[in-house]
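1. here are the coordinates; sequence isn't available:
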């Protein structure tokens, strides 16, 4: 199943088109000649060692945090937070 | 410029001024200002905190160095209960549910937040014109831009509306406005300060950065905000930088500068001449100066923007109006997402999201995104090689002087190219400080990773020398 998605669909922005200003930047990269070719084969990436992973714990949000999250929700009806209608394709 | 923090601290401790009067004076100045630096004032919170500081002093208790010092916050940081808009339509009514780690550390030290500051929307820009709150006007000439993206923060510091401000630097967003407004602005080593609670633009280069009027104030604020944070796993533990350790230039024997930054047609002739004159003064002090080879400016800018756009397309995909934000309803969920994003993002933000999705798409990712990552590694390798030869790299902050308000919006490609001297150090995750000396838009001092101390040390040396 191959479906071509255009940038407006990928970006969820109606009528979006690639821009000339940005394409000029990409052309420079296409034409560049990097001296090495093994981008992940080095120690410069910001990884976290296995010994340093944080514990997988549930942290209860404070009352005020919960209140603000609800306040930020765009739509409320009869005490329920309302999302847009979901359709299955 | 001496430490404002020490000066105000002493005045408060000696009861020469009250904290409430100080905070009120700053709030009034911010309210009346015509440079468009304010997104929202934190009047109630600030005055409540100020009264507490005054009560403590009245009881004869001692106060900490940052206690009662008014500061500003770029409007991309979470501060619980305050509006955090990222200067965007999408989040114009959004309230932070929690507080960013860096800001919390300042609050814990007693500093008083007084303003959420204007900036380019989501950090997308180099002029602070890409904002729903009106273009930020330069502190020295209101016809010119304030720089960006942390333009409001730099102008507030320059105008003394805040004692210091906390900006965010992804590709130069602290250093460039600092240069445009003649103040100090630091991008620390990536990971030195927690990004938790900083709205993500490009996560692999986003840095929390202080803006102030002296090296000493930068040092104080940097020390407070630094440190490992479990909520940002890219952070690392760092030692405090003492005042004494940066008071002389011992250990700095050799500096370098990138020949191709200076020998090109894009640089303003006065900035070039002033930069070279500074180099001569440094040589006269017995410091060896080496000319270094570096990547061409267009490669640096293109590599940075390719990666930053890919990361911002991913980071901003969460902004769809479902759980928060200015949702616009349409016939179904997908259409609601699309109309919400189309209507609420600025043209520049949309340009970057679309660019990011382009390079992450099948057929483009190998040719552009992965090649960008390879180039980034080559750039980092180049820095590692350079710092075996020199202690410090000195460079101009910008090729030109601040543009007139309106010009950058007309030519986005020219705006991207104006970041030529700042983005390389972001890709290298290096500590870099703008100082308001040496050229019309200042100088950048860069050291090897984790060596923020050396940057401040050299800044102190130049302060007395230029």
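-> Everything's here; your move. These numbers were taken from a predicted model, which means no experiment stands behind them.
2. look up the closest residue to residue B:345, ignoring the ones flanking it.
-> Distance criterion CB to CB, 6 or more residues apart in numbering or on different chains; nearest residue to residue B:345, sequence neighbours excluded, is residue B:90 at 6.4 Å. C-betas here are computed from N, CA, C, even on glycine.
3. the residue in the stretch 51-200 of chain B that chain A sits nearest to: how many residues sit nearby?
-> In the stretch 51-200 of chain B, no residue comes nearer to chain A than residue B:97, which is 4.1 Å away by CB to the nearest CB. When neighbours are counted by other CB atoms under 10 Å in any protein chain shown, residue B:97 registers 21.
4. shaky segments in chain B?
-> Applying pLDDT under 70 to chain B flags the ranges B:1.
5. for it, just list every one of the strands.
-> Taking DSSP state E as the criterion, chain B contains strands spanning B:38-41, B:70-74, B:112-117, B:164-169, B:184-187, B:207-212, B:254-258, B:288-292, B:392-396, B:432-435, B:443-446.
6. can I get these in CSV including mean neighbour count and distance to residue A:34?
-> CSV is the format used below for the strands of chain B (neighbours: other CB atoms under 10 Å in any protein chain shown; distance: least, CB to CB, whole Å):
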stretch, mean neighbour count, distance to residue A:34
strand B:38-41, 20, 41
strand B:70-74, 29, 34
strand B:112-117, 28, 38
strand B:164-169, 30, 26
strand B:184-187, 33, 25
strand B:207-212, 29, 25
strand B:254-258, 20, 18
strand B:288-292, 14, 19
strand B:392-396, 26, 21
strand B:432-435, 30, 23
strand B:443-446, 26, 22
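7. quick one: low-confidence parts of chain A?
-> Ranges of chain A meeting pLDDT under 70: A:1-2, A:35-46, A:88-89.
8. go ahead and flag the most central residue of it.
-> The residue lying closest to the centre of chain A (CA atoms, centre = their mean) is residue A:11, at 10.3 Å.
9. contacting residues for residue B:58?
-> Residues near residue B:58 by CB atoms under 8 Å, 6 or more residues apart in numbering or on different chains: none.
10. hang on, I meant residue B:340
-> Residues in contact with residue B:340 (CB under 8 Å, 6+ apart) are B:90, B:320, B:321, B:325, B:326, B:327, B:328.
11. again, only this time at 7 Å
-> The contact partners of residue B:340, by CB atoms under 7 Å, 6 or more residues apart in numbering or on different chains, come to B:320, B:321, B:325, B:326, B:327, B:328.
12. hmm, the third one is touching residue B:319, no?
-> Yes: counting by CB atoms under 7 Å, residue B:325 touches residue B:319, with 5.8 Å between them.
13. out of those two, which sits in the busier spot?
-> More crowded of residue B:325 and residue B:319, by other CB under 10 Å: residue B:319, with 26 against 23.
14. what touches both of residue B:325 and residue B:319?
-> Jointly contacting residue B:325 and residue B:319 under the rule CB under 7 Å, 6+ apart are residue B:90.
15. quick one: the helices in chain A?
-> Using DSSP state H, the helices found in chain A span residues A:7-11, A:20-31, A:63-72.
16. need the winner for burial among those helices.
-> Comparing these by mean neighbour count (mean count of other CB atoms under 10 Å in any protein chain shown), helix A:7-11 ranks first with a mean of 18.
17. what does the stretch 351-466 of chain B put close to chain A?
-> By CB under 7 Å from any CB of the partner chain, the residues of the stretch 351-466 of chain B that approach chain A are B:351, B:353-355, B:357-359, B:361, B:367-368, B:370-375, B:377-378, B:380, B:412-413, B:416.
18. ok so, going back, any idea which of the contacts of residue B:340 is closest to chain A?
-> Proximity of the contacts of residue B:340 to chain A (CB to the nearest CB) peaks at residue B:327, which lies at 3.7 Å.
19. show the contacting residues for that closest one.
-> Applying CB under 7 Å, 6+ apart, we find residue B:327 in contact with A:74, A:75, B:321, B:336, B:340.
20. most neighbours, which of these?
-> Counting neighbours by other CB under 10 Å, the top entry in these is residue B:340, with 25 neighbours.
21. which residue is nearest the centroid of chain B?
-> Most central in chain B (CA atoms, centre = their mean) works out to residue B:174, at 2.3 Å.
22. that one contacts residue B:183, correct?
-> No: the criterion here is CB under 7 Å, and residue B:174 misses it with residue B:183 at 10.1 Å.
23. give the residues shared as contacts by the two.
-> Residues touching both residue B:174 and residue B:183 (CB under 7 Å, 6+ apart) are residue B:211.
24. name the residues of the stretch 151-300 of chain B found near chain A, please.
-> Going by CB under 7 Å from any CB, the residues of the stretch 151-300 of chain B near chain A are B:191, B:230, B:233, B:234, B:298, B:299.
25. taking those residues together, which two end up most distant?
-> Using CB to CB, the two most remote members of those are B:230 and B:298, lying 39.9 Å apart.
26. name the nearest residue to residue B:131, ignoring sequence neighbours.
-> Residue B:131 sits nearest to residue B:87 (CB to CB, 6+ apart), 3.8 Å away.
27. got the contact list for the one you found?
-> Contacts here follow CB under 7 Å, 6+ apart; on that basis residue B:87 touches B:39, B:75, B:118, B:119, B:120, B:121, B:131, B:132, B:133.
28. between those residues, which is nearest residue A:66?
-> Nearest to residue A:66, judged by CB to CB, of these is residue B:75 at 23.6 Å.
29. tally of neighbours for the closest one?
-> Look at residue B:75: counted by other CB under 10 Å, it has 30 neighbours.
30. that one contacts residue B:91, correct?
-> No: taking CB under 7 Å as the definition, residue B:75 is not a contact partner of residue B:91, at 9.2 Å.
31. any idea which residue of chain A is furthest from its center?
-> In chain A, the residue that sits farthest from the middle, by CA atoms, centre = their mean, is residue A:78; the gap is 31.9 Å.
32. now that residue: how far from residue A:84?
-> Computed as CB to CB, to the nearest Å, the residue A:78 to residue A:84 distance reads 17 Å.
33. burial count for the nearest residue to residue B:296 once chain neighbours are set aside?
-> Nearest residue to residue B:296, sequence neighbours excluded (CB to CB, 6+ apart): residue B:260, at 6.4 Å. Residue B:260 is flanked by 15 other residues according to other CB under 10 Å.
34. do you know how far residue B:260 is from residue A:61?
-> Computed as CB to CB, the residue B:260 to residue A:61 distance reads 51 Å.
35. check residue B:246 too.
-> Distance, residue B:246 to residue A:61, by CB to CB: 41 Å.
36. show me which of the two is the more surrounded one.
-> Neighbour count, other CB under 10 Å: between residue B:246 and residue A:61, residue B:246 has more, with 21 against 12.
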